[in-house]
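In: dropping a prediction and its sequence here:
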Amino acid sequence: MPITEPDADRIAHALREAARDARPIPPIRHDVDGLDVNDAYDIQRRFVGSMVADGARRVGRKIGLTSAAVQQQLGVDQPDFGVLLDDMQVAQHGVVVVDELIQPRVEAEVAFVLSSDLDLPKIDRHVVVAALSHACAALEIVDSRVDNWDISIVDTIADNGSSGRFVLGDRALSLHEFDPRSVQMRMTANDHVVSQGDGNACLGDPLNAVVWLANRARDVGDPLRAGEIVLSGALGPMHSVAAGESVRADLTGLGTVSVEFVGATR
């Protein structure tokens, strides 16, 4: 039985309050018996809708849980997606105030930008490649509104894919100029290596993740549109961050992307 509208609204409101106050809530899966993935996406739509109503603008999507290492870290077994909003984007070499988040972690990935809609009845790799404008290096700062990252797939989907902030690198390449599968990633925090991986870690190829997302988004009635940014998923394990850390990721071909984490008093 699908979640009732009052329950979905109540949980979405709790997530919105948690994000606003930077205070976690208990796991969502314990709130209503029998929550499934479809229920979780319903809650996500309401949660995102409340942020848009407050003035945020949709700019893309993020794919989560594409890396076996990250799935193992969080105890889940399938990808998910969330919505990117304009106020989540941080400038290259910019600053993230950690006190505005709850329990941030950072991961490096390949970002794509769409040049056309992806709303066809059949979306395969060829369709996706034709719809992509370019790619760049990216850092995603994920942040769970669920206490202590105690999440299942239902928790993270409802929580907008555990989205927090994201940073895009300056270098843009077309798919004629690099192969996403061959990308090697090295991420450091204060010059210490904290994560390494490659394109194969993201569902075997970051483009596979975009194909998955395009089909899933279309099926839920919210297809990918021209101009949207797509964060395709982690290339290696996440790293928990704290104030005082400078994080940098180097992705072969795509160059470098970096961000600094500071406390509220800076």
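Out: Sure, I can see it.
In: just the strands in the stretch 1-150 of the chain please.
Out: 58-64, 80-85, 89-90, 94-97, 105-114, 132-142 (DSSP state E, counting those that start in this stretch).
In: nearest to D33, of those?
Out: Between D33 and these, the shortest separation by CB to CB is 21.1 Å, and it involves strand 80-85. The C-beta positions use only the backbone N, C-alpha and C, and glycine is treated the same way.
In: and the nearest residue to A130 once chain neighbours are set aside, how many neighbours?
Out: Leaving aside its sequence neighbours, A130 sits nearest to S116 (CB to CB, 6 or more residues apart in numbering; 7.5 Å). Counted with other CB atoms under 10 Å, the neighbours of S116 add up to 14.
In: equivalent analysis for S240, please.
Out: Around S240 there are 12 other residues, counting by other CB under 10 Å.
In: distance of it relative to A14?
Out: 24 Å (CB to CB, to the nearest Å).
In: just Q184 next, same as before
Out: Taken as CB to CB, the span from Q184 to A14 is 41 Å.
In: okay, now the unreliable bits of this protein?
Out: Along the chain, the model assigns pLDDT under 70 to residues 1, 69-70, 73-75, 265-266.
In: so what's the residue sitting nearest the centre point of it closest to, chain neighbours aside?
Out: By CA atoms, centre = their mean, the chain has its centre lying nearest to K62, at 3.7 Å. Spatial nearest neighbour of K62, chain neighbours left out: L231 (4.1 Å); criterion: CB to CB, 6+ apart.
In: counting by contacts, list what the helix or strand hosting that neighbour packs against.
Out: Per DSSP states H and E: L231 is located in strand 229-234. If you count contacts as 3 or more CB pairs under 8 Å, 6 or more residues apart in numbering; DSSP states H and E, strand 229-234 packs onto strand 58-64, strand 105-114, strand 132-142, strand 165-168, helix 206-219.
In: mind redoing it with 10 Å?
Out: Under the contact criterion of 3 or more CB pairs under 10 Å, 6 or more residues apart in numbering; DSSP states H and E, strand 229-234 touches strand 58-64, helix 68-74, strand 80-85, strand 105-114, strand 132-142, strand 165-168, helix 206-219.
In: partner strands of the fourth one and their direction?
Out: Take DSSP bridges as the rule and strand 105-114 pairs in its sheet with strand 132-142 (antiparallel), strand 229-234 (antiparallel), strand 239-240 (antiparallel).
In: try the first one
Out: Applying DSSP bridges to the sheet, strand 58-64 is found paired with strand 80-85 (antiparallel), strand 229-234 (parallel).
In: give me whichever of these is most buried.
Out: Highest mean neighbour count among the strands paired with strand 58-64 (mean count of other CB atoms under 10 Å): strand 229-234, with a mean of 27.
In: on that earlier part again, name whatever forms a beta bridge with the residue nearest to the centre of the chain.
Out: Under the criterion used (DSSP bridges), K62 bridges to G82, L231.
In: and if you look at R58?
Out: L85.
In: just checking, the residue nearest to the centre of the chain touches V210?
Out: No - counting by CB atoms under 10 Å, K62 stays clear of V210, with 11.4 Å between them.
In: next up, phi/psi of the residue lying closest to H239 once chain neighbours are set aside, please.
Out: Excluding its sequence neighbours, the residue lying closest to H239 (CB to CB, 6+ apart) is V194, at 4.1 Å. Main-chain torsions, V194, degrees, to the nearest 10: phi -120, psi -10.
In: how much space separates V194 from V76?
Out: 21 Å.
In: coming back round to it: contacts only, for the residue nearest to K62.
Out: 60-64, 66, 81-82, 84, 107, 109-112, 138-140, 161, 163, 166, 168, 206, 209-210, 213 (CB atoms under 10 Å, 6 or more residues apart in numbering).
In: then E177?
Out: Counting by CB under 10 Å, 6+ apart, E177 touches H134, A135, R171, G253, L254.
In: can those residues go into JSON lines with extra columns for distance to R225 and neighbour count?
Out: Below are the contacts of E177 laid out as JSON lines (distance: CB to CB, whole Å; neighbours: other CB atoms under 10 Å):
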{"residue": "H134", "distance to R225": "16", "neighbour count": "15"}
{"residue": "A135", "distance to R225": "18", "neighbour count": "28"}
{"residue": "R171", "distance to R225": "24", "neighbour count": "17"}
{"residue": "G253", "distance to R225": "27", "neighbour count": "16"}
{"residue": "L254", "distance to R225": "23", "neighbour count": "24"}
